[in-house]
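structure, please.
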Amino acid sequence: MSTRRYPVIFLLPRPEKSSRLILIFRPFMMIPVVFWGALYGFVAQMVGVISFWAVLILGSYPQTLWEFCERYFRFNMQINAYSSLLTDVYPSFNGKPDNGYPVKVQLERPERSSRLYALFRFLLLLPQVFFAIGYGLVIGFVYMVLFWVVLFIGRIPDGFWGLISRYFIWSSRLTAYSMLLVDEYPPFNGLQPLSSEEEVFGRI
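Next comes the predicted model:
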């Protein structure tokens, strides 16, 4: 079995407690960052289109464009982590890797990008899209139950944490793949090697 890890690795420190107050007002607190995210995302889409053609012509993702899209991906990941109850820390308005946000991600930029994978990525994503329909319905039900669980006990139980963290990792990797940030096809789960956090981020 190959020991090569997927090139998108996450650090998800589990909070001991979850704020009931933040849980209730989280949708309203998300409004400013969602508006900013819409603008940021529009620019990232334009950069993504340019990058697509750059990959087809050059066979690699230009460093400057990749770094911009990586920052947007990290920013988007922080919004998802906050909205997914994985942390109570409010998302930053940038995607810098050193902004102190507790949920972290490390992406490995490929030296070369496959023109063929870029050209047919939409078709390659179809199985993941169909899988996402069923997976999303299950997770949606999980969050309906989890809201009341956190409201009553003030924390996320072990079983729920495993479900939502794996969904978060899977969906985030899918986003990175669809943005051409990586060429490796995302696995249909949110697993990552047990040693990955220590290898990439160091001991915490």
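
could you check the pLDDT of S196?
Looking at S196, its pLDDT is 52.

list the contacts for the residue nearest to Y40 when sequence neighbours are not counted?
Using C-beta to C-beta, 6 or more residues apart in numbering and skipping the chain neighbours, the partner closest in space to Y40 is Y72 (5.9 Å). For glycine as for every other residue, the C-beta is placed from the backbone atoms N, C-alpha and C. For Y72, the contact set (C-beta atoms under 8 Å, 6 or more residues apart in numbering) comprises 40-41, 43-44, 95.

quick check: buried residues in the strand or helix carrying Y72?
Remark: Y72 resides in helix 63-83, with elements defined by DSSP states H and E. Along helix 63-83, the positions that meet the burial threshold by neighbour count (16 or more other C-beta atoms under 10 Å) are 65-66, 68-83.

stretch 102-109 now?
By neighbour count with 16+ other C-beta under 10 Å, stretch 102-109 contains the buried residues 102-107.

just give me the closest of these to P27.
Relative to P27, the closest of the buried residues of stretch 102-109 is V103; by C-beta to C-beta it sits at 19.1 Å.

got a list of what that closest one touches?
Residues in contact with V103, defined by C-beta under 8 Å, 6+ apart, are 10-13, 77-78, 81, 86-87, 89.

try 7 Å this time
Under the criterion of C-beta atoms under 7 Å, 6 or more residues apart in numbering, the contact list for V103 reads 11-12, 78, 81, 86-87.

now L146
L146 neighbours (C-beta under 7 Å, 6+ apart): 85, 156, 160.

cool, Y6 as well?
With contacts taken as C-beta under 7 Å, 6+ apart, Y6 has the following neighbours: 173, 184, 187, 192.

by neighbour count, which of these wins?
Tallying neighbours with other C-beta atoms under 10 Å puts R173 at the head of these, with 27 neighbours.

checking that residue next. Helix, strand or coil?
For R173, the secondary structure call by DSSP: H, G, I helix; E, B strand; the rest coil comes out as helix.

what sits closest to it if chain neighbours are left out?
Beyond its immediate neighbours in the sequence, the residue positioned closest to R173 (C-beta to C-beta, 6+ apart) is P186, lying 4.1 Å away.

measure the residue nearest the centre of the chain to R115 for me?
The geometric centre of the chain, computed from its C-alpha atoms, lies nearest to S172 (C-alpha atoms, centre = their mean), at 2.7 Å. In this structure, S172 lies at 25 Å from R115, with C-beta to C-beta, to the nearest Å as the measure.

I'm done for today, thanks for sticking with me.
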